[in-house]
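Trainee: What follows is a protein structure lacking sequence information:
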């Protein structure tokens with residue numbers, strides 16, 4: 001006879017802030033990430049508020065990593081320069097990955 005799985009009581013989902021200072025979850029933003037102030041863009045996945053600062057966590061499309069930014073560093077109206085810069089960084093990263101794959105294939109062919 002097989003054993004039954006126990007029904008574990010899952011804790012309630014942590015209450016996430018849905019909106020903070022006019023910024024909402026799921027919003028696509030351009031920003032300067034914290035603390036190095038480099039350009040980032042992506043969708044907001046979490047909002048945090050401390051006694052002194054307000055933060056947003058996003059998945060950066062440029063690096064492909066989770067990043068955090070101050071809400072005051074979010075660019076409300078990104079200029080053409082911001083958009084072009086982000087697009088160039090993304091295409092550069094894609095080309096880097098492609099070159100690395102080609103090198104790996106060449107090494108396998110030589111064996």
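Mentor: Great, that's in hand. As the structure is a prediction and not an experimental result, all values here were calculated from the model.
Trainee: need the contact list for the residue sitting nearest the centre point of the chain.
Mentor: The C-alpha lying nearest the average C-alpha coordinate of the chain belongs to residue 59 (C-alpha atoms, centre = their mean; 1.2 Å). For residue 59, the contact set (C-beta atoms under 8 Å, 6 or more residues apart in numbering) comprises 42-43, 45, 65-67. (Each C-beta comes from the backbone N, C-alpha and C, glycine too.)
Trainee: which of the residues you listed sit farthest apart?
Mentor: Pairwise distances across the contacts of residue 59 (C-beta to C-beta) peak at 13.3 Å, for the pair 43 and 65.
Trainee: Before we go further, residue 2 is sitting in a strand, right?
Mentor: No: Residue 2: not assigned to a strand; according to DSSP: H, G, I helix; E, B strand; the rest coil it is coil.
Trainee: Give me the phi and psi for the residue nearest to the centre of the chain.
Mentor: Main-chain torsions, residue 59, degrees, to the nearest 10: phi -100, psi 110.
Trainee: Direction included, what does the helix or strand of the chain with the lowest mean pLDDT pair up with?
Mentor: The weakest-scoring helix or strand in the chain, judged by mean pLDDT, DSSP states H and E, is strand 19-20 (a mean of 80). When pairs are called by DSSP bridges, strand 19-20 turns out to pair with strand 23-24 (antiparallel).
Trainee: Off-centre distance for the partner strand?
Mentor: Chain-centre distance of strand 23-24: 15 Å, with C-alpha atoms, centre = their mean, to the nearest Å.
Trainee: Next up, the contacts around residue 38.
Mentor: residue 32 are the contacts of residue 38 under C-beta under 8 Å, 6+ apart.
Trainee: same for whichever helix or strand residue 97 is part of, what does it pack against?
Mentor: For residue 97, the host element (DSSP states H and E) is helix 80-110. Packing partners of helix 80-110 (3 or more C-beta pairs under 8 Å, 6 or more residues apart in numbering; DSSP states H and E): strand 28-32, strand 39-49.
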